[in-house]
Structure formats: structure tokens, C-alpha cells
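>>> Got a predicted structure plus its sequence, pasted below:
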Amino acid sequence: MSSPARLRIAGGTVYDPTNGVDGVVRDVCIEDGRIVAELPRDAQRLDAGGMVVMPGGVDIHSHIAGPSVNHARRLSPEEHAADAMPAPRLEDATLARSGTGGTVPTTFATGYRYAGLGYTTAMEAAVAPLGARHAHAELDDTPILDAGFFVLLGNDDYLLRQIAAGETARARDYAAWLLGVTRGYAIKIVNPGGVALWKSGGSDGTRNVTGLDDIVGSTSVTPRKILETLGAAANALALPHPVHVHSNNLGQPGNYATTLASMKALGGQRAHFTHLQFHSYGGERGKPWQSAARDVMEYVNAHPETSVDVGQVMFGPATTVTADSPVEHLLATSTGGGRKWVNVDIELESGCGIVPYVYKEKAAVAALQWAVGLELFLLAKDPWRVVLSTDHPNGGTFLSYPELIRLLMDRSYRDERLKAVNQKLLGGSALLDGLSREYTLQEIAIVTRAGPARLLGLTNKGHLGPGADADVTLYTSDADRAKMFATPRYVLKGGTVVVEEGQLRRAPAGQRLSVRPEYDTAVTKDLRRFFEQNATVSFANYGAEAVP
Ligand SMILES: [Zn+2]
């Protein structure tokens, strides 16, 4: 079929949680790339009888573009030959490109494969301001997906100087300016203060913060102060997405206490805590790990201003890639070391560490991580605020989403998998307590599209009401939910039929999602001076604003 300006998707079973539609047989009408309430009778029809219809998927946290992702691609050449992707045969004139997959696919492969799963929007979760231009260039080459990125703040020299000087208003103006010049979408904080401290070295070269009140250089700069400053800035600037926080102590036993302290530090205001699974461990340093999912979810359930994505670990190959340089040092040198890895300093701004990794179900820690993620999902009272991610490619690739959906929807399958994993650290896991919940299709629609769209403030995404972007996915219903969600029958992006009878047919360019908040321009005078004194890039050449 072609992609007509008017299309009636007729008689499918529709799941559209934003509009309160839960498994109702109805038509979805599209005109000029948008959802409309009705169409003339003679409009072209797509018979969706027996199919499940949902809005296009929205990924709130994924690593798909920019210098760190590109480093990750370089680090695993063996994956490229093992997963070569020939250029697809497209039906229209859009350029089809070959590429490679593996845990960190090339740009074109990323767009094609996300669309092949029914996803039409994704957020790149961590771009250093200096990498903004590169990230935009890669997103330009990532077809189909509407995409934006979160800009790394919270370990950058200029911000920490403003906090040290008590210049809260200037810190907010700086954040607003930075979002605008980088064409970013939201503020991302990674291990606040910890990366800055790591970069300042120390006798053993492994410095990091351990909690919210550690001192970072100046006595008036602490992780708590960084969180408070940027959390308040994001809300004062009325950004569509609040501050997006990767808390301190990622991956450490006992880190749930830091996670709860971070949530409380931003209590009463909107804040998003990412890949919560990696931050929900009990126990203590030097002692066995255990799950603290119950404690963390008790807080999240009781605080409607707090949202999270899970960062589920899936068994198999992954590539851990993060601005959290010290945690990657830990991972690279743990259990005997010998792993290949990189650790990159991004001047004045951030860090980056990458370690290719395999989560094995027979490994005790990986099994615990897998269980903790599932516990978070299954203990969540409000799926709108506890949304699906694997922190691609950190906990597993986005291609594992269908398997994750099956684990959430099919208890007997989950229990069977649970028996096969290493049990050593699972004592106290809610999974062993007969956590019997099974997600419904409506709840899956919430955690994979409606919820992330709402948390991102994307009012035209994640739903099928009039005015929404015509991003629609049609699945053939199948009791095997992994199979069902891995192979959508049709995917429409902005009204264009990109997947037809399971085959990729068209690959239009995606839109860029960015913000440009207002600020007092007096800050730029001070910034210009700071650049002249400290940076290798001139102020005029900084950022990634569109060339006029
Ligand atoms: Zn991430």
C-alpha cells in the first residue's frame, strides 16, 4: 500500500491509555500526519481486524548518538561482522543504508531496528555539551525516530563555580543558555560531583563521592547542592521534562540509601530518576548484595512528583556506556579485571567510561540485577511513573524489549526463568515471595508509550487522540508476547507507513525535539570571559545551533 494523506485504520483493538481507551474495537483516523476524529467514508482503509493497535513506542532513556556511543561502537569491532545489516529494500526514494548491529548499532540500523519494534520516538540520554554537534549529526542519520537528547550538567566547571559562589540565578540562566545553544531537550545529571572529583585525581586516581554531603572542591559544593540547584532550575524554567538524574553510587551494594536521599533532596518537586534498578541494592560495601527494591518502590509509590525508568538488566551481551567514569573504572577492574575499556575526559564538562559486558544468568550479581528490575516493575503502583527501559545498551539492547514485555505479562514464563538463574543473592527478593502480578496490554501501553510521552512533556506523542502525531503500531495478537512485540505487522510514523506486513518499506527522516528556554542574557558576558580563560573552544564556536 502507499502512504495516503487520509487513512482509516479500521476495526483494530485499540489501547490508548491517555484517552482512557482500554482494548476497545474502534477506528483510528489519520489525515496529513495527524490523528483526526473522523474521515469521509471513502478514505482509504487499512483493515486492522484482530490486530492490537497502540501509539508508537517512546523510549525515555537510550544511548544512540554522540561521541560516547561512537566510542562504544569502536570498542567492539567483533560485533560488526557478526551482525552485518544490508541496506533494506525501501519502496520510496529515501536513501537506504547498510550498517551493523550488535549491542551498539550504527545510526541507520538504530532507526530501522527501533521502527521494526514499533518505536517511533527515542531520547538519547547523555550528551556532553561539547559533543552536541556530533550527537545532532548522528541523529540526522538515524531515520524514522523523532529524537532529542539530554545535556550533561552537574560535573561541569562553570556550574560548580556558580554553586560555590552562591550564584543560583546565574546557574539557572547558564542551564537555560546551554540547553538552547546545544539544542538539547532536558538536563541530565550523572553522579553529581562524582565525575568532577574523579577527574581531579587523587593519590590512588580513583576518587569519587560516596554520599550527598561529600565536598566537591569548594566546601559549598556537594552532590546535594548540585541536585537542588539543577532540580530547581529545570522546574523554574518550566522545561517539559524535569531534571533527569543518574544518582551517586551506581552499582554499589547499599546504594539504595543514597537513592532515597537523592529523591528526598528533590522531594516536593518534579524529578526523574533514571535506571533505578542500578540504584536499588541493599547490603553494604564488602558484604553481599541484596535487593532493596521494596524500600525504593515504597518511596516512589508514595510520591507522585517522582518518576523513574527501570533500566532492566537482560541476560546476554551489553555495552555499558556512561558519563560516570569512576563506576566504569570499578567495573573494568572488578572480578580480576582484564576487560577492554575506555575512560575519556571531556574538558571542563564531564567524563565517559565504556566497558563491554555480558550479563550471565548463572552469575550471582547479574541474576540479582535482573530480579531487582522485575521487582521494581511488579511493585509499582502507578505505571505512568515507572516506565520501561534497559538503559540501552547498558542493561541490554532495545532489541530485548519484547522479551522484557513477556517477563512482565506472563508469570509462568517468569517463574520458569527465575528458577534457572543463580539464586545466591536472591534471598529477600520479592520475586521469590510469589509476586504474581501480570501486566495487562494497557499497562504495557502505559510503560512503553503513554507514560514516557507524558513524563517527557510530549503532548503529541504516546496517544491516539485528535491532534496527536500519527505514530501508530499494529501488532498481530499472539499469546507469546515476546513474539508479538518483536514483530509488528504495521508501523506508521507521522502518517507514513514505514513497516508493512512486517517489512520495513519507508524510512523518512525523524524530527528533532529540543527546547529553548528564556534566560537573562547577562550570563553570556560572564561565560565569554570563562571561555577565554579556560576553554580550548572559543565561545563563538561552542554549541550546535543551526547554521543560519
Ligand atoms: Zn543511561
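All right, it came through fine.

>>> element containing the most centrally placed residue in the chain, please.
Centrality entry for the chain: nearest residue to the mean C-alpha point is residue 61, 0.5 Å, by Cα atoms, centre = their mean. Element membership for residue 61, per DSSP states H and E: strand 57-62.

>>> what's near enough to touch the residue lying closest to residue 12 once chain neighbours are set aside?
Spatial nearest neighbour of residue 12, chain neighbours left out: residue 48 (3.1 Å); criterion: Cβ to Cβ, 6 or more residues apart in numbering. The way it works is simple: take the backbone N, C-alpha and C, and place the C-beta from them, glycine included. Counting by Cβ atoms under 8 Å, 6 or more residues apart in numbering, residue 48 makes contact with 9-12, 28, 474, 490.

>>> so where do the strands sit in the stretch 301-450 of the chain?
Using DSSP state E, counting those that start in this stretch, the strands of the stretch 301-450 of the chain run over 306-309, 316-322, 342-346, 350-359, 386-387.

>>> hey, least reliable of those strands by pLDDT?
For the strands of the stretch 301-450 of the chain, the weakest mean pLDDT is recorded on strand 342-346, namely a mean of 91.

>>> That one packs against which elements?
The contact analysis (3 or more Cβ pairs under 8 Å, 6 or more residues apart in numbering; DSSP states H and E) places strand 342-346 against helix 67-75, helix 325-333, strand 350-359.

>>> Just give me how far that strand sits from the chain centre.
Chain-centre distance of strand 342-346: 21 Å, with Cα atoms, centre = their mean, to the nearest Å.

>>> What of stretch 342-361?
16 Å.

>>> can you tell if it touches the ion?
No: contact of stretch 342-361 with the ion (Cβ under 5 Å from the ion) is absent, the minimum separation being 11.7 Å.

>>> From one end of that stretch to the other, what's the distance?
26 Å (Cα to Cα, to the nearest Å).

>>> Show me which positions of it end up buried.
342, 344, 346, 348-357, 359 (16 or more other Cβ atoms under 10 Å).

>>> Most widely separated two among those?
Taking Cβ to Cβ, the two most distant members of those are 348 and 359; they sit 34.2 Å apart.

>>> residue contacts, the one residue in the stretch 101-250 of the chain that gets nearest to the ion?
Closest contact between the stretch 101-250 of the chain and the ion, by Cβ to the ion, is at residue 125 (4.4 Å). Residues near residue 125 by Cβ under 8 Å, 6+ apart: 61-63, 149-150, 188, 244, 274, 391.

>>> Same check on residue 313?
Going by Cβ under 8 Å, 6+ apart, the list of residues near residue 313 reads 277, 359, 366, 369-370, 373, 390, 395-396.

>>> Among the residues you listed, which one is most surrounded by other residues?
residue 277 (32 neighbours; other Cβ atoms under 10 Å).

>>> With adjacent residues omitted, what lies nearest to that residue?
For residue 277, the spatially nearest residue (Cβ to Cβ, 6+ apart) is residue 373, at 4.0 Å.

>>> got the buried residues of stretch 342-361 as CSV, with distance to residue 159 columns?
CSV is the format used below for those (distance: Cβ to Cβ, whole Å):
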residue, distance to residue 159
342, 25
344, 20
346, 14
348, 10
349, 9
350, 11
351, 15
352, 18
353, 21
354, 24
355, 27
356, 31
357, 31
359, 34
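
>>> With residue 447 as the reference, name the closest of the helices and strands packed on strand 342-346.
Evaluated over the helices and strands packed on strand 342-346, closeness to residue 447 peaks at strand 350-359, with 21.0 Å, by Cβ to Cβ.

>>> Please name the strands paired to the closest one in the sheet, noting orientation.
In the sheet, strand 350-359 lines up against strand 316-322 (antiparallel), strand 342-346 (antiparallel) (DSSP bridges).

>>> Can you name the residues that contact the residue nearest to residue 277?
277, 310-313, 395.

>>> again, but for residue 327
Contacts for residue 327 (Cβ under 8 Å, 6+ apart) come out as 191, 208, 250-251, 353.

>>> out of those residues, who has the most neighbours?
Per-residue neighbour counts (other Cβ under 10 Å) across the contacts of residue 327 peak at residue 191, which has 29 neighbours.

>>> mind listing what that one touches?
155, 208-209, 246-250, 323-324, 326-327.

>>> and the end-to-end length of stretch 235-250?
Termini of stretch 235-250 sit 25 Å apart (Cα to Cα).

>>> just how off-centre is that stretch within its chain?
With Cα atoms, centre = their mean, you get 13 Å for stretch 235-250.

>>> List phi and psi for the residue of the stretch 151-300 of the chain found nearest the ion.
For the stretch 151-300 of the chain and the ion, the shortest gap (Cβ to the ion) falls at residue 275, measuring 5.8 Å. Note on residue 275: its backbone torsions stand at phi 30, psi 60 [degrees, to the nearest 10].

>>> thinking again about what came up before, among the contacts of residue 373, which pair sits farthest apart?
310 and 313 (9.5 Å).

>>> pretty sure residue 198 is in a helix, no?
Yes: Residue 198 forms part of a helix when assessed by DSSP: H, G, I helix; E, B strand; the rest coil.

>>> how much space between it and residue 152?
14 Å (Cβ to Cβ, to the nearest Å).

>>> Check residue 69 too.
13 Å.

>>> okay, the two: which has more neighbours?
residue 152 (31 against 27).

>>> For stretch 451-465, could you pull out the residues that count as buried?
For stretch 451-465, the neighbour count (16+ other Cβ under 10 Å) marks 451-458, 460-465 as buried.

>>> Can you tell me what sits against that stretch?
14, 16-19, 21, 28, 35, 53, 55-56, 58-60, 121, 123, 146, 185-186, 239-241, 272, 307, 309, 383-388, 449-450, 467-469, 471-472, 513.

>>> Within range of the ion, give me the residues from this structure.
Neighbours of the ion within the chain, by Cβ under 5 Å from the ion: 125, 391.

>>> Which residue ranges of the stretch 401-548 of the chain form helices?
401-409, 411-420, 441-445, 451-456, 481-486, 522-534 (DSSP state H, counting those that start in this stretch).

>>> what do you get for the stretch 151-300 of the chain?
Applying DSSP H, counting those that start in this stretch to the stretch 151-300 of the chain gives helices spanning 157-164, 168-182, 194-199, 223-236, 256-265, 293-302.
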